[in-house]
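Peer 1: got a predicted structure here, sequence first:
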Amino acid sequence: MARKRHPIGLLVLSLCLAVVSTALGRKRDQPGQALSQMDEHKRAVHALNRLTFGPRPGDVQRVMAIGVDRWIAEQLHPERIDDSALDARLAQFRTLRMSTREIMENFPSQQMIKAIADGRRGIPSDPLRRAVYEAGLDRYEEKQDRKQGAAASNGTSGDSNRAGDQEDRSRHQEDQMLADTRVQELLDMAPDQRFAAALRLPPAEQQSLLASLQGKREEFLEGMSPQQRETIVALRNPGQLVTDELMQGKLLRAVYSERQLQEVMADFWFNHFNVFMGKGADRYDLTSYERDVIHPHALGKFEDLLVATAKSPAMLFYLDNWLSVGPNSDTANGISRRGDWKKRARTNGPVTQSKGKRNGLNENYGRELMELHTLGVNGGYTQKDVTEVARVFTGWTLQQPQKGGGFLFDERMHEPGDKTVLGHRIKPNGEKEGLEVLHLLARNPATARFICEKLAIRFVSDTPPPALVNRMAQTYLKKDGDIREVLETMFRSPEFWAEDAYRAKVKTPLEFVLSALRASDAEISNAMPIVNQLRNMGMPLYGMQPPTGYSMKADAWVNSSALLERMNFGLALAAGRLKGTRVVSVPVDQISAPGGKPDAGEILGTLENSLLAGDVSKQTHDTIAARLQDPQISRRRLDDPARPPNVAAIEGLLLGSPEFQRR
């Protein structure tokens, strides 16, 4: 017998195919063709789709009331916008306000725990921090014991090994049963008592307790202070606590901040100056990188942003520049005495290694600085320029990175002598050589064009009009790389407001998820399930390992499998199946209908206006409407004709529609 297809599944598939065909097959205005412009309503929708992570209910009306141009001017000056409501939401995440050194002291890395185990560091006296350190030591010692046990068992018989394994499993099962019982006992206590009781447990019992929480973690943490919650989570994995708070903070800012353009630009620049969370110390450096480097410069001068990224511990570590040693430097030649680099004669001694790490010139940063950060791949530089820039940035290193230290210029690592970059002579000048090169690159016309084209790709089109990019580049050069001025030029351009630009950009997975949360007015109490959804969609936060960052173009994200993931997310969100996020669907009794109670078609029309400002194609409307009489969606059955339609299913299908996939 042929397998019966699920009606919603068929509808999902047809909508996904429609997204693919419309996203990749839209006609564009040809160069020289007159650009038809949008009406005021469309201008408001378009501005919200491009300058924010998507409109919330009522946003279109609010923007039209104050005027689109005035609203854009407000967004270009985020310092004038009150964002105290967001600050209150983020108050629970203490690491977002800590320096890197403070984060590492409160939530120690494996290197710090090892240093304590080796007697090179002491345990803090503060009881909460001490508990986290003791738990880390217990895990470290248990891991070492397992390694020693594995080495010792190499010479024992298989029967003995199996007997030992069985004994370990039995002991683990007993410990787990005790832990499960203890969880229930603690849940019956007040939050302060529960926290104190958990801290009194020996480290091994704490680990069993935390492993037993599983789906009860939020219930266990309920009512505790932010510091208490963080301590409980950090007992099991302090590094994960840091990254969890960073990712939740990013999502909450994007969803709830009133300074939407600043958040969009912060996301743009982080992607441009990409750093990968999975590389060692960057797990701890990224909080400061995003907060202190990217955000403050998102709408400022490009050169200031460029210098800030070049000196940031996150970038220095990610591209290994902190280990780069000039081949003729004091460090390479084993000269221990600090000498004046201006007076020291140039030598040609052999490069020496320092503990197997600092082993010579590293060109990673020099290459990515020109190819990805400034000039672009066709920016007119050569391999010789890459090597010369790498020589310039020797000595740009880190001070005590294992303790969260910041930027340091070490003249002993710096390559002496002249350098030549893009035909310009860089005279010996220590740290200032790097600043001179950054200034040279920031003011280069190739940089102006490369940066402006990327901005136009993000805000206008996957293939932005060359005339627009040229005007933006002229503003960049005239206004000394002022990002706000460049954006104003773009937002005033006829190309930005062309009718053909309306809903022409396909959303990345991040943009889709954020816009769905905003459109449905979601209330988020725990953003980690959303973080996991983004990982499933192929766009994990801070998870792009190559320095290229994520693509902003449709062809990277448009395929049936990826779009099915989006559709499933929309359906789960609307139906309330996404843990930690609550969505209140439009109440049926608030939908006006001639006959009193609205039917599924009238609900569809209401939601089309709410989620998509009424901009739904006839194909999408007819595809969904044709299925609304199905019991799975309409909820109408022969024996219960009064049962109301499934609003959540209709809302979820619209979130997965071709129109909602575009901005």
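Peer 2: Alright, I've got the coordinates. Numbers count the residues shown, from 1 in each chain.
Peer 1: CA only for contacts and neighbour counts going forward, please
Peer 2: Noted.
Peer 1: domains in the chain, by residue range?
Peer 2: 1-26+504-663, 94-148+168-242, 320-350+358-399+407-429 (automatic domain parsing).
Peer 1: just say which of these is most tucked in.
Peer 2: Neighbour counts (mean count of other CA atoms under 10 Å) averaged over each of these peak at domain 320-350+358-399+407-429, with a mean of 19.
Peer 1: and that domain, how far apart are its ends?
Peer 2: By CA to CA, to the nearest Å, the extent of domain 320-350+358-399+407-429 from end to end equals 22 Å.
Peer 1: quick one: average pLDDT of it?
Peer 2: Mean pLDDT, domain 320-350+358-399+407-429: 88.
Peer 1: before we move on, what about stretch 285-293?
Peer 2: 98.
Peer 1: mind listing what's buried in that stretch?
Peer 2: Buried positions in stretch 285-293, judged by neighbour count with 16 or more other CA atoms under 10 Å: Asp285, Leu286, Thr287, Ser288, Tyr289, Glu290, Val293.
Peer 1: and the contacts of the helix or strand Asp304 falls within?
Peer 2: In the assignment (DSSP states H and E), Asp304 maps to helix 302-311. Applying CA atoms under 8 Å, 6 or more residues apart in numbering, the contact partners of helix 302-311 are 273, 289, 293-294, 297-298, 315-316, 373, 396, 407, 435, 438-439, 442, 481-483.
Peer 1: among these, which ones are in strands?
Peer 2: If you go by DSSP state E, the contacts of helix 302-311 have Trp396, Phe407 in strands.
Peer 1: among the contacts of helix 302-311, which ones are in helices?
Peer 2: Met315, Leu316, Leu435, Leu438, His439, Ala442, Ile483 (DSSP state H).
Peer 1: ok, and the most crowded of these?
Peer 2: In terms of neighbours by other CA atoms under 10 Å, the ones in helices among the contacts of helix 302-311 top out with Ala442 at 27 neighbours.
Peer 1: now for the residue lying closest to that one once chain neighbours are set aside, how many residues are close by?
Peer 2: Leaving aside its sequence neighbours, Ala442 sits nearest to Glu303 (CA to CA, 6 or more residues apart in numbering; 5.5 Å). Using other CA under 10 Å, Glu303 has 22 neighbouring residues.
Peer 1: ditto for the one 3 residues further on
Peer 2: Residues near Leu306, counting by other CA under 10 Å, number 23.
Peer 1: please apply the same query to Ala473.
Peer 2: The burial count for Ala473: 24, using other CA under 10 Å.
Peer 1: mind giving me the packing neighbours of the helix or strand where it lies?
Peer 2: Assigned by DSSP H and E, Ala473 belongs to helix 466-478. Contact partners of helix 466-478 among helices and strands, from 3 or more CA pairs under 8 Å, 6 or more residues apart in numbering; DSSP states H and E: helix 445-459, helix 483-491.
Peer 1: now what about that helix, what contacts it?
Peer 2: 443, 445, 448-449, 452-453, 456, 481-483, 485-487, 489-490, 493, 495.
Peer 1: now the buried members of those residues.
Peer 2: Judged by 16+ other CA under 10 Å, buried ones among the contacts of helix 466-478: 443, 445, 448-449, 452-453, 456, 481-483, 485-487, 489-490, 495.
Peer 1: which among the residues you listed gets closest to Arg43?
Peer 2: Glu495 (12.6 Å; CA to CA).
Peer 1: quick one: the strands in the stretch 451-600 of the chain?
Peer 2: 523-524, 581-582 (DSSP state E, counting those that start in this stretch).
Peer 1: dump these into TSV; add mean pLDDT and distance to Glu245 as well.
Peer 2: Formatted as TSV, these follow (pLDDT from 0 to 100; distance: least, CA to CA, whole Å):
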stretch	mean pLDDT	distance to Glu245
strand 523-524	96	14
strand 581-582	95	16
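Peer 1: where does the stretch 501-650 of the chain dip in pLDDT?
Peer 2: 585-596, 629-644 (pLDDT under 70).
Peer 1: which regions of the stretch 1-150 of the chain sit below the pLDDT cut-off?
Peer 2: 1-35.
Peer 1: what segments of it are helices?
Peer 2: 7-25, 40-51, 59-66, 68-75, 84-90, 100-106, 110-117, 127-152 (DSSP state H, counting those that start in this stretch).
Peer 1: export those helices to a markdown table and tack on distance to Glu185?
Peer 2: Shown next, in a markdown table, are those (distance: least, CA to CA, whole Å):
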| stretch | distance to Glu185 |
| --- | --- |
| helix 7-25 | 44 |
| helix 40-51 | 50 |
| helix 59-66 | 47 |
| helix 68-75 | 51 |
| helix 84-90 | 31 |
| helix 100-106 | 28 |
| helix 110-117 | 31 |
| helix 127-152 | 21 |
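Peer 1: Phe660: which of the ones you listed is closest?
Peer 2: The closest of the helices of the stretch 1-150 of the chain to Phe660 is helix 7-25. By CA to CA, the value is 9.3 Å.
Peer 1: hang on, Pro540 packs against Val531?
Peer 2: Yes - between Pro540 and Val531 there is a contact at 7.1 Å, judged by CA atoms under 8 Å.
Peer 1: tell me who's in contact with the residue nearest to the spatial centre of the chain.
Peer 2: A centroid search over the chain (CA atoms, centre = their mean) returns Leu541, at 3.5 Å, as the residue closest to the centre. Leu541 sits next to Met247, Val531, Leu534, Arg535 when contact means CA under 8 Å, 6+ apart.
Peer 1: tell me if I'm right that the second one and Gly249 touch.
Peer 2: No - at 10.9 Å, Val531 does not count as touching Gly249 under the criterion of CA under 8 Å.
Peer 1: and stretch 300-311, how far out from the chain's middle?
Peer 2: 20 Å (CA atoms, centre = their mean, to the nearest Å).
Peer 1: what average pLDDT does it get?
Peer 2: According to the model, stretch 300-311 has a mean pLDDT of 98.
Peer 1: one more: stretch 191-204?
Peer 2: Averaging pLDDT along stretch 191-204 yields 91.
Peer 1: got the CA coordinates for it in PDB?
Peer 2: Taking Å, rounded to 0.1, in the frame of the first residue of the first chain, the C-alpha atoms of stretch 191-204 are listed here in PDB:
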ATOM      1  CA  PRO A 191      16.300  28.600  46.500                       C
ATOM      2  CA  ASP A 192      18.900  29.900  49.000                       C
ATOM      3  CA  GLN A 193      18.800  26.700  51.000                       C
ATOM      4  CA  ARG A 194      19.000  24.600  47.800                       C
ATOM      5  CA  PHE A 195      22.000  26.500  46.700                       C
ATOM      6  CA  ALA A 196      23.800  26.200  50.100                       C
ATOM      7  CA  ALA A 197      23.100  22.500  50.200                       C
ATOM      8  CA  ALA A 198      24.500  21.900  46.700                       C
ATOM      9  CA  LEU A 199      27.700  23.800  47.600                       C
ATOM     10  CA  ARG A 200      28.200  21.700  50.800                       C
ATOM     11  CA  LEU A 201      28.400  18.500  48.800                       C
ATOM     12  CA  PRO A 202      31.800  17.000  48.000                       C
ATOM     13  CA  PRO A 203      32.900  17.800  44.400                       C
ATOM     14  CA  ALA A 204      32.200  14.200  43.200                       C
END
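Peer 1: re earlier: nearest to Thr331, out of the helices of the stretch 1-150 of the chain?
Peer 2: helix 110-117 (24.9 Å).
Peer 1: just checking, what packs against the closest one?
Peer 2: Under the contact criterion of 3+ CA pairs under 8 Å, 6+ apart, helix 110-117 touches helix 127-152.
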